[in-house]
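Peer 1: Take a look and give me a structure for this.
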Amino acid sequence: MRPTSKTILALSAPAVALCLSVPFAAAAAPLDLAALLANLEKTSPQLRAARGVVEATARRKAVVRKLPEPTVGVAALPLPVETRVGPQRFKLSVRQGIPWLAKLDRRADAVDAATLAARRRYDAALARVRRDVRVPWARLAWLRAVADIVKQQRELLIGLEPSVLARLRIGKAAYEDAQRLRLVIGELAEREASLIDRQSAVAGLVRAAAGVATNAPLAPATFEADRLAGKPLPTRADLAAKLPENPDVVAAAAHIAAARAVVAAVDTKRQPDFAVGLDWVMVGEARMPGVVDSGSDAVMLMAAVKLPVWKSAYDADVSAAQARVGVAKSRREAALRKAEARLSLLLFNLRDARRKRDLYSMDLVPRARSALTTALTSYANARAKFNDLIELEQQLLTFSIRLASAEVARVQAEADLELLLGRSLQAAPGKSAASAGASNTRSNKP
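Peer 2: Numbering: from 1, shown residues only. Predicted coordinates:
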């Protein structure tokens, strides 16, 4: 009997229900800037490498605290040495070195200091990677904002085209006006396409800086909110007091402590080391019968001390370690001087960007938009020239793009300043450098 359609539907219903019960794999949610920054410690290969250095350095502590490996030796005597109790045939020796205990402690201290220095380098790397993500994200937001501005201007001119053509037909507009309008619309279309195309390239820079997959979806980029909105800009004197919290300065200071710990560890080479041991000599049967203790093995205990007689070599080793302390101090001073030199420039960049943003957003862009609206009305009533209309449109476009550029400059200046200071610009001005540095240290530990 051939199956009917009802039979086929009845048999296939469970399979359909099973398929519908299996949840579809949810598409990955687009990543915004907050998500990218929150997951940096997991996604960034640069941070994973820095964290690996920290872990590798910390594991060296178990290595430097161990005792020297014991040694076991076996000796055979081809010509046995005859003794009263019998010939000596084999000897088994065991040795264990015991270093001066302060050496192990100083070596462990040096590893702890090196681990702390590696953590401070990790903190510096994290701060730099955060900045390296924020800046291209701001550029991506600029491209998106400018593309929207150009699109709006192009659509405005496209809406104006029927009016120009109508005026051309009745002789109240020149043919050159229509030609120029088409040229401007075409130029804006090409500019918009270029801006949209460039977004994919800058999005690739964002993904690379954040360490996410090259096909990871990104949320539409927007400018970060002003971290100092409604607050006066901090003075140079206020920020200069925070420069010791600069990640590179903090890392250099940790290297000074690590170098000093190495000096203390090297200095312990002047202390003696010890060794204990045991020799077991296997003895054969005596040739003469009736010898008391015939064939008894001999056991000897041994103790030794290493004499640190090469004083000049130890002095040279300590001097070399002290020289490395000087190198670390010089590097910290250089990092601090570099931070001081950049502070004035970055403060100017922030002041200049905020000043331009306020000028264009509160004054020039609204005025240009109002003037263009008025000109459009006047042109519709044959009281304005077409060239004046195009010039006002171009001016509004220029001012709008400059406003977006000022926002990019503000975000970059904020990111650079926060990297320089090792702290957020939103932190209270009265907060001490020590407490702020301690909180940053605790939050950034890998």
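Peer 1: Confidence-wise, which helix or strand of this protein is lowest on average?
Peer 2: Within the chain, judged by mean pLDDT, DSSP states H and E, the helix or strand with the poorest mean is helix 433-444; its value is a mean of 40.
Peer 1: which residues of the stretch 301-446 of the chain score low on pLDDT?
Peer 2: Per-residue confidence for the stretch 301-446 of the chain (pLDDT under 70) gives these ranges: 427-446.
Peer 1: those helices in the stretch 151-300 of the chain, which residues are they?
Peer 2: All helices of the stretch 151-300 of the chain, identified by DSSP state H, counting those that start in this stretch, fall at 175-210, 236-240, 247-267.
Peer 1: need those in JSON lines with distance to Leu372, mean neighbour count and mean pLDDT, can you?
Peer 2: All C-beta atoms are positioned from the backbone trio N, CA, C, and that covers glycine. Conversion of the helices of the stretch 151-300 of the chain to JSON lines gives the following (distance: least, Cβ to Cβ, whole Å; neighbours: other Cβ atoms under 10 Å; pLDDT from 0 to 100):
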{"stretch": "helix 175-210", "distance to Leu372": "13", "mean neighbour count": "16", "mean pLDDT": "92"}
{"stretch": "helix 236-240", "distance to Leu372": "41", "mean neighbour count": "14", "mean pLDDT": "90"}
{"stretch": "helix 247-267", "distance to Leu372": "47", "mean neighbour count": "22", "mean pLDDT": "93"}
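Peer 1: Give me the secondary structure label for Leu307.
Peer 2: Assigned with DSSP: H, G, I helix; E, B strand; the rest coil, Leu307 falls in the coil class.
Peer 1: Identify the residues contacting it.
Peer 2: Under the criterion of Cβ atoms under 8 Å, 6 or more residues apart in numbering, the contact partners of Leu307 comprise Pro272.
Peer 1: same check, this time on Val74
Peer 2: If you count contacts by Cβ under 8 Å, 6+ apart, then Val74 has Phe90, Lys91, Leu92, Ser93 around it.
Peer 1: what's the closest non-adjacent residue to the second one?
Peer 2: Which is Lys91. By the measure of Cβ to Cβ, 6 or more residues apart in numbering, the closest residue to Lys91 outside its immediate chain neighbours is Ala75, 4.3 Å from it.
Peer 1: Tell me if that neighbour really is in a strand.
Peer 2: Yes - using three-state DSSP, the secondary structure at Ala75 is a strand.
Peer 1: Thought Ala208 was touching Leu36, still the case?
Peer 2: No - using Cβ atoms under 8 Å, Leu36 and Ala208 do not qualify as a contacting pair, with a distance of 11.5 Å.
Peer 1: list the residues that contact both of these two?
Peer 2: Joint contacts of Leu36 and Ala208 (Cβ under 8 Å, 6+ apart) do not exist.
Peer 1: before we move on, the earlier item: just the buried subset of the contacts of Val74, please.
Peer 2: Among the contacts of Val74, the ones that count as buried by 16 or more other Cβ atoms under 10 Å are Lys91, Ser93.
Peer 1: As CSV, the contacts of Val74 with distance to Ile185, secondary structure and pLDDT would be great.
Peer 2: What follows is the contacts of Val74, written out as CSV (distance: Cβ to Cβ, whole Å; DSSP: H, G, I helix; E, B strand; the rest coil; pLDDT from 0 to 100):
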residue, distance to Ile185, secondary structure, pLDDT
Phe90, 103, strand, 81
Lys91, 102, strand, 86
Leu92, 98, strand, 89
Ser93, 96, strand, 92
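Peer 1: ok, the contacts of Val74 vs Leu392, which is closest?
Peer 2: The shortest separation between Leu392 and any of the contacts of Val74 is 99.9 Å, and it belongs to Ser93 (by Cβ to Cβ).
Peer 1: My read is that the closest one contacts Ala75, right?
Peer 2: Yes - Ser93 is within contact range of Ala75, at 7.2 Å (criterion: Cβ under 8 Å).
Peer 1: shared neighbours, these two?
Peer 2: In terms of Cβ under 8 Å, 6+ apart, Ser93 and Ala75 are not both contacted by any residue.
Peer 1: number of nearby residues for the closest residue to Trp142 other than its chain neighbours?
Peer 2: Ranked by Cβ to Cβ, 6+ apart and with sequence neighbours excluded, the top spatial neighbour of Trp142 is Val408, at 4.6 Å. As a burial measure, Val408 scores 21 neighbours (other Cβ atoms under 10 Å).
Peer 1: OK, contacts around Val408?
Peer 2: Counting by Cβ under 8 Å, 6+ apart, Val408 touches Ala138, Arg139, Ala141, Trp142, Phe223.
Peer 1: Name the helix or strand for it, please.
Peer 2: Val408 belongs to helix 386-421 when elements are defined using DSSP states H and E.
Peer 1: So for that helix, what gets flagged as buried?
Peer 2: Along helix 386-421, these residues count as buried under the neighbour rule (16+ other Cβ under 10 Å): 386, 389-390, 392-393, 395-397, 399-421.
Peer 1: I am finished for the moment; much appreciated.
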